[in-house]
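here is the input, now give the coordinates:
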Amino acid sequence: MTLQETTELHNGIKMPVFGLGVYKIPDEQQGMEAITYAIKSGYRLIDTASLYDNEQAVGAAVRQSGIDREDIFVTSKVWNTDQGYEETLKAFDTTLDKLGFDYLDLYLIHWPMPKQDKFKDTWRALEKLYEDKKVRAIGVSNFNINHLEDLKTTAKVLPMVNQVECHPHLNQQTLRDYCQAEGIKVQAWSPLKRGDLFEVDSLTEIAKAHKKSVAQVILRWDYQHGILTIPKSVNKSRIEENADIFDFTLSEREMAQIDALHNGDRTGPNPEELNA
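A predicted model of the protein is given here:
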């Protein structure tokens, strides 16, 4: 169990279980420093998106890391205003150009945008990119079960990953069970709920018992549930601390305590309601 541990997607591609999220780090120098430090610390997955406006920094940091490109797994996402078949193909070319790569490891539809009713056409574009070997794996983000069921009616390839908001207050148990049955890996964004969980009594007690931080306890909870996770930080000590979760184990009772914190509270939009 190390930071380089991978899981196998349903197409056989191996994807790191743990990575660095770079959500809205627009400062190129700050972003490059964080990514460079993460890679030096052993991270092998970087998660970006066209919305984050830092794909160039991600590409530069990966190229300058001294690690072979094929040993670093990079994810990006098509934004809502670029949905549609031709629009997505064009957006992907822009992403690849900004990254400075020949290929992408994982490309996701950022939001389902159900009222736009374009995600099936967008998915066809992702299938084309996958078929043309421009991307090694394709998936979705923020898709609920109904969106995945709708997508299945026309999809030739099922999503390999569904990246969703997931943390102890929103544990996504029903969605996780569905995805597991369908062979779709669940990845958590905002796994630490932007720090809102750091004062929760049960979490602080568990952390104290293991001589760990609350963040480490939550990320270990992800790991033991088989949830892939991408905590964001630009702080070097936090980047290192977040990854230090492989030397302790939460008991069944502790896992159940954390599961019981679920209350449905979100930090981001409800996928059913976001249509802009």
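
quick check: A34 is in a strand.
No - counting by DSSP: H, G, I helix; E, B strand; the rest coil, one finds A34 to be helix, located in no strand.

now it. Nearest residue, chain neighbours left out?
V234 (4.3 Å; Cβ to Cβ, 6 or more residues apart in numbering). Any C-beta I mention is one placed from the backbone N, CA and C, and that applies to glycine too.

cool, and G268?
E165 (5.2 Å).

was I right about the one you found contacting F143?
No - taking Cβ atoms under 8 Å as the definition, E165 is not a contact partner of F143, at 11.7 Å.

neighbour-wise, which of those two wins?
Applying other Cβ atoms under 10 Å to E165 and F143 shows that F143 carries more neighbours, namely 26 against 20.

my guess is the more buried one meets L151, correct?
Yes - counting by Cβ under 8 Å, L151 is a contact partner of F143 at 7.3 Å.

shared neighbours of the two, which are they?
Counting by Cβ atoms under 8 Å, 6 or more residues apart in numbering, the shared contacts of F143 and L151 are P159.

got the contact list for the residue nearest to A34?
25, 30-31, 33-34.

likewise R63?
When contacts are counted by Cβ under 8 Å, 6+ apart, R63 is found next to 69, 100.

if I look at it, how far off is L99?
Note on R63: its distance to L99, by Cβ to Cβ, to the nearest Å, is 9 Å.

kindly report the same for G42.
Where L99 is concerned, G42 sits at a distance of 21 Å (Cβ to Cβ).

these two: which is more packed in?
L99 (21 against 13).

element containing the closest residue to that one other than its chain neighbours, please.
Once flanking residues are discounted, L99 sits nearest to G59: 3.7 Å by Cβ to Cβ, 6+ apart. Using DSSP states H and E, G59 maps to helix 55-63.

then that helix to CSV, C-alphas only?
Extracted as CSV, the C-alpha positions of helix 55-63 are listed here (Å, rounded to 0.1, in the frame of the first residue of the first chain):
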residue,chain,number,x,y,z
GLU,A,55,-3.8,22.9,-17.9
GLN,A,56,-0.6,24.7,-19.1
ALA,A,57,0.9,24.6,-15.7
VAL,A,58,0.0,20.9,-15.3
GLY,A,59,1.6,20.0,-18.6
ALA,A,60,4.8,22.1,-17.8
ALA,A,61,5.2,20.6,-14.3
VAL,A,62,4.8,17.0,-15.7
ARG,A,63,7.3,17.6,-18.5
